[in-house]
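here is the input, now give the coordinates:
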Amino acid sequence: MLDILPQLLVSGLLIGGVYGLLSIGLTLIFGVLRIVNFAQGEFIMLAMFGAFWLNTLWGIDPYASILIVTPVLFGFGLLAERAVIKPILHAPHAMQIFATFGLSVVLQNVALTFWGPDYRSVQTTYSSQSLIVGNVAISVSSLYAFIVAFLMAGALIAFLQFSRDGKALRAMVQNRYAASLMGVNTDRLNRLAFGAGVACAAVAGCILTPMFYTFPTAGVDLIITAFVVVVLGGLGSVAGAMVGGLIIGVTQTLTGFYVSVELKDVIALVLFILILLIRPQGLFGRAGMEEVGTK
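Now for the predicted structure:
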């Protein structure tokens, strides 16, 4: 039982990195716009289909497809922000939820209409490869995803900390009205934040394609876990999303082996609730971009 522990911990950390990658776009959008984007899973799904078709039609590796899919979905995110998000930015929370949930349903049904309900997969040279380190087998696909997740999180934190737009975004989170008085173009930065959050979803979708099946409702299961991770780490905190992802990943892996596969999600949610009872604001405290930029 103890001999397998290192393998379980490594597997949990790797899947936790994937959970973190799923969550950073969601937490960026909430941190700036204060809107919970229920359509984030569908943006991931669209990216998975994009990577799938690029691989199927032209043999482009899913990781290389990031260079194509990400700009396309970034542009689509800008359009979605203008058409759906901007009109309800200051609306009651219930209306915001209905709007983003409606966008989610529309995207699911568009995918279902064009590509049908079939499950599709991408096979690459590294899909079934593993690295053996001592007694631990490390999935190459999961390792790549883990590395990309932390590179994305690091790049996003660096952008928020050091770039002019990143500092302006943090100022908006502190006080949107004061930031606008200082000359910050809040409308432009809203579009930038939403587009960047969708671009994060695009990267996540591309690197998940070799690991998961691609189908129209693929984003539903992924986004449920992402919401848990985001709230656990602290709404609006990119670093918190990564830490929360690692905690959930390790908890699910250990529970699935030592307790029961059927109970792994239940126990992860119980841990999630216990942590929130102690720290209702999440592990990283106040859910805001200022915290992310200084951590």
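
Pro216 falls within a strand, correct?
No - counting by DSSP: H, G, I helix; E, B strand; the rest coil, Pro216 falls outside a strand, being coil.

ok, how many other residues are close to it?
23 (other Cβ atoms under 10 Å). Using the backbone N, CA and C atoms, a C-beta is placed for each residue, glycine as well.

just the element for the closest residue in space to it that isn't next to it in sequence, please.
Among residues not flanking Pro216 along the chain, Ala111 sits closest, at 4.0 Å (Cβ to Cβ, 6 or more residues apart in numbering). Per DSSP states H and E: Ala111 is located in helix 93-115.

that helix: what's the following helix or strand?
Next in sequence after helix 93-115, counting helices and strands by DSSP H and E, comes strand 130-133.

so after that next one, what's the next helix or strand?
As assigned by DSSP H and E, the chain's next helix or strand after strand 130-133 is strand 136-139.

and the following helix or strand past that next one, what's buried?
Note on strand 136-139: by DSSP H and E, the next helix or strand toward the C-terminus is helix 140-162. Within helix 140-162, the residues scored as buried using 16 or more other Cβ atoms under 10 Å are 140-146, 148-149, 152-153, 156-157, 159-160.

contacts for helix 140-162 next, please.
Residues from elsewhere that reach helix 140-162, judged by Cβ atoms under 8 Å, 6 or more residues apart in numbering: 11, 13-15, 17-18, 20-21, 24, 28, 63, 124, 126-127, 129-131, 165-167, 169-170, 196, 200, 203, 207-208, 210-211, 238-239, 241-242, 245, 289, 292-295.

least confident secondary structure element in this structure?
Lowest mean confidence among the helices and strands of the chain (mean pLDDT, DSSP states H and E): helix 289-294, at a mean of 42.

can you tell me how far the residue nearest to Pro216 is from Leu54?
Distance, Ala111 to Leu54, by Cβ to Cβ, to the nearest Å: 16 Å.

one more: Gln129?
Gln129 is 21 Å from Leu54, where distance means Cβ to Cβ.

swap in Val198?
With Cβ to Cβ as the criterion, Val198 and Leu54 are 18 Å apart.

more crowded one of these two?
Comparing Val198 with Leu54 by other Cβ under 10 Å, the one with more neighbours is Val198, at 29 against 20.

that older thread, gap between the helix holding Ala111 and the chain center?
Chain-centre distance of helix 93-115: 18 Å, with Cα atoms, centre = their mean, to the nearest Å.

only alpha carbons, please: show that helix as PDB.
What follows is helix 93-115 as a C-alpha-only set of coordinates in PDB (Å, rounded to 0.1, in the frame of the first residue of the first chain):
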ATOM      1  CA  HIS A  93     -26.100  38.200 -11.000                       C
ATOM      2  CA  ALA A  94     -29.100  36.100 -12.000                       C
ATOM      3  CA  MET A  95     -29.200  37.700 -15.400                       C
ATOM      4  CA  GLN A  96     -25.400  37.200 -15.800                       C
ATOM      5  CA  ILE A  97     -25.800  33.500 -14.900                       C
ATOM      6  CA  PHE A  98     -28.600  33.000 -17.400                       C
ATOM      7  CA  ALA A  99     -26.700  34.800 -20.200                       C
ATOM      8  CA  THR A 100     -23.500  32.800 -19.800                       C
ATOM      9  CA  PHE A 101     -25.400  29.600 -19.300                       C
ATOM     10  CA  GLY A 102     -27.400  30.400 -22.400                       C
ATOM     11  CA  LEU A 103     -24.200  30.900 -24.400                       C
ATOM     12  CA  SER A 104     -23.000  27.500 -23.100                       C
ATOM     13  CA  VAL A 105     -26.200  25.800 -24.400                       C
ATOM     14  CA  VAL A 106     -25.900  27.500 -27.800                       C
ATOM     15  CA  LEU A 107     -22.300  26.500 -28.200                       C
ATOM     16  CA  GLN A 108     -23.100  22.900 -27.200                       C
ATOM     17  CA  ASN A 109     -25.900  22.600 -29.700                       C
ATOM     18  CA  VAL A 110     -23.900  24.300 -32.500                       C
ATOM     19  CA  ALA A 111     -21.200  21.600 -32.000                       C
ATOM     20  CA  LEU A 112     -23.800  18.900 -31.800                       C
ATOM     21  CA  THR A 113     -25.300  20.100 -35.100                       C
ATOM     22  CA  PHE A 114     -22.100  20.300 -37.000                       C
ATOM     23  CA  TRP A 115     -20.200  17.400 -35.600                       C
END
